[in-house]
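Novice: this is a predicted model, with the sequence first.
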Amino acid sequence: MTAAPPKPPAPASFDELFESELSYVWNVLRRLGIAEADREDLAQEVFVRVHKSLSTYDPSRPRRPWLFAFVFRIASDHRRLKRHKVEVAATSDDHQRAASDAAPADETLDAARRRHLLHRALDTLDLDKRAVVVLHEMEGMTIPDVAETLGIPVGTASSRLRAARSHLKEVLEKLRTVDSSVATPGSSS
Amino acid sequence: MTVDLDNLFEAERSYEEGPPSEARARIREGVVAALALPQAEQGPKGERALGDAGGISRARAALGMLGTFAIGAGVGAAVMHATEAPSKAPAPTVSPVATLAPPASSASAIPPRSAEVVAPAHSRPSPSPPTAASAVDAAEAVAAERALLDAARVLLAQGEPQQALDLVERHAKSFPRGRLVEEREALAVRTLVKAGRYDEAHKRGASFEAMWPRSLAMPAVRAALESIP
């Protein structure tokens, strides 16, 4: 693998795995657009399934891609059940809260606004494309590694990323015209 | 002005949000309950430990040596060989109590092994602070449990329910308070059904449901019982 972060040592116990990776799992759920109200249940489900699959875990391989696959599968099932639909103009309570919970410093407030905007745009992506974006753009995974993690051909991962970026740019342009204050640099309340 | 997509990714990339501590505790409790993990050990903050994945490589090694079980060195290094054909009557050569002995420093006494081998284990070891040695012992015990149950499952799949049952009963004798008791009992019900021992299957299924009503294995247990002609 190229440019991969250093691998943590294999967990000495499931307890240690839980403690060290719960935040990662929570964060992935957030980045995949799972509402905060649902994250507890889904995080629990992730670790239950992880525990049941421990005999398949190869400690010589990176842990987080292995975990990501569980989170993605569970998030997919959840989204399918909820028949999640988001309009471009809709703003979820989560993202509003996330924006308002930002620390007071101007640069952090601006960063919070940028994240808020990004998540609004991400919410319009289907989960397959969103997963590619999360892994490549946010977790810094190479496309071949993204493909392996998601169990898809490399070409499919590439084309999903291209399509996702193109779609996100279009959506962001629309959002910019709807909410021009976000696009203006240095703006603060 | 164009919003730079990469600029937005950068803002997200450097941001991490973990669960609030109350949520963390609830998730932990939920996992413990869903997996019916033993409440043997306390975590560093006094919360219940989630048991160990430990010795995953040991578990894999144990699977590779199907039939040979090494019980943790800290408890007397008793080795149980199952190299004979599984159809022979199992003769456990190790005290099942010893396999789950807490560290020597613990003051808790281990209750004598129950003669009841078919009922699910109700008692749990007393809580004791985990040590590196006990973690290793526990890891190897789980690996041994896992190997036994996996072997039983293979035999069941191969249409040898009686032999599978021998291994299930061996697990019950050797690990009355093992971590995989729930899994063993679910397997026991399925195996009894396949062996045509329907009355026992029903009784064991009823015990299973009483012990673990929300078990993830419940659907499989019920399906096995419903398949009885």
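Specialist: Received the coordinates, thanks. Numbers count the residues shown, from 1 in each chain, chains lettered A, B, ... in the order given.
Novice: what about chain B, any weak spots by pLDDT?
Specialist: The model of chain B has pLDDT under 70 over residues B:1-3, B:37-140.
Novice: just the helices in it please.
Specialist: Along chain B, counting by DSSP state H, helices occupy B:5-13, B:21-35, B:56-64, B:96-99, B:132-157, B:161-174, B:181-194, B:198-211, B:218-226.
Novice: just the ones you listed: most buried one?
Specialist: Mean neighbour count (mean count of other Cβ atoms under 10 Å in any protein chain shown) peaks for helix B:181-194 among those, with a mean of 24. For every residue, glycine as well, the C-beta is placed using N, CA and C.
Novice: any idea which helix is longest in chain A?
Specialist: helix A:154-178.
Novice: report the buried residues of it.
Specialist: Using 16 or more other Cβ atoms under 10 Å in any protein chain shown as the test for burial, helix A:154-178 gives A:157-158, A:160-161, A:164-165, A:167-168, A:171-172, A:175-176.
Novice: and it, what other elements does it pack with?
Specialist: With contacts taken as 3 or more Cβ pairs under 8 Å, 6 or more residues apart in numbering or on different chains; DSSP states H and E, helix A:154-178 sits against helix A:106-122, helix A:127-133, helix A:143-150, helix A:180-183, helix B:5-13.
Novice: what about the helices of chain B, which gets the closest to residue A:44?
Specialist: helix B:21-35 (4.0 Å; Cβ to Cβ).
Novice: give me the helices and strands touching the closest one, please.
Specialist: helix A:14-31, helix A:36-52.
Novice: so which of the ones you listed is the most surrounded?
Specialist: Of the helices and strands packed on helix B:21-35, helix A:14-31 is the most buried (mean count of other Cβ under 10 Å), at a mean of 22.
Novice: near chain B at all, that helix?
Specialist: Yes - using Cβ under 8 Å from any Cβ of the partner chain, helix A:14-31 reaches chain B at A:14-15, A:17-19, A:22-23, A:26-27, A:30-31.
Novice: residue nearest the centroid of chain A?
Specialist: residue A:31 (2.5 Å; Cα atoms, centre = their mean).
Novice: contacting residues for that one?
Specialist: Residues in contact with residue A:31, defined by Cβ atoms under 8 Å, 6 or more residues apart in numbering or on different chains, are A:122, A:130, A:134, A:138, B:12.
Novice: try 10 Å this time
Specialist: By Cβ atoms under 10 Å, 6 or more residues apart in numbering or on different chains, the residues touching residue A:31 are A:71, A:75, A:118-119, A:122, A:130-131, A:133-135, A:137-139, B:12, B:15-17.
Novice: gap between it and residue B:174?
Specialist: Per Cβ to Cβ, to the nearest Å, residue A:31 is found 45 Å from residue B:174.
Novice: with residue A:44 instead?
Specialist: For residue A:44, the distance to residue B:174 - Cβ to Cβ - is 31 Å.
Novice: one more: residue A:48?
Specialist: The gap separating residue A:48 from residue B:174 is 26 Å, by Cβ to Cβ.
Novice: returning to that earlier point: let me know which of the helices and strands packed on helix A:154-178 is tucked in deepest.
Specialist: helix A:127-133 (a mean of 22).
Novice: that one and chain B in contact?
Specialist: Yes - Helix A:127-133 is in contact with chain B by Cβ under 10 Å from any Cβ of the partner chain, via residue A:133.
Novice: helices and strands around that helix, which ones?
Specialist: Packed against helix A:127-133, as judged by 3 or more Cβ pairs under 10 Å, 6 or more residues apart in numbering or on different chains; DSSP states H and E, are the following elements: helix A:14-31, helix A:63-82, helix A:106-122, helix A:143-150, helix A:154-178, helix B:5-13.
Novice: now the fifth one: how far from the chain's centre is it?
Specialist: Relative to its chain's centre, helix A:154-178 lies at 15 Å (Cα atoms, centre = their mean, to the nearest Å).
Novice: again, but for the shortest one
Specialist: Between the centre of helix A:143-150 and the centre of its chain there are 15 Å (Cα atoms, centre = their mean).
Novice: returning to what we had before: which of the helices and strands packed on helix A:127-133 has the lowest average pLDDT?
Specialist: Confidence, taken as mean pLDDT, is least for helix A:106-122 of the helices and strands packed on helix A:127-133 (a mean of 82).
Novice: quick one: that helix to chain centroid distance?
Specialist: Distance, stretch centre to chain centre, for helix A:106-122: 14 Å (Cα atoms, centre = their mean).
Novice: among the helices and strands packed on helix A:154-178, which comes closest to residue A:54?
Specialist: Checking the helices and strands packed on helix A:154-178 against residue A:54 by Cβ to Cβ gives helix A:143-150 as the closest, at 18.4 Å.
Novice: isn't residue A:160 up against residue A:130?
Specialist: Yes - with contact defined as Cβ atoms under 10 Å, residue A:160 reaches residue A:130; the gap is 9.3 Å.
Novice: residue A:148: which of the residues of helix A:14-31 next to chain B is nearest?
Specialist: Closest to residue A:148, out of all of the residues of helix A:14-31 next to chain B and judged by Cβ to Cβ, is residue A:31, at 19.1 Å.
Novice: first-to-last residue distance for stretch B:211-228?
Specialist: 22 Å (Cα to Cα, to the nearest Å).
Novice: what's in contact with it?
Specialist: A:48-49, A:52, B:33-36, B:119-122, B:181-183, B:185-194, B:196, B:198-199, B:201-202, B:204-206, B:208-209.
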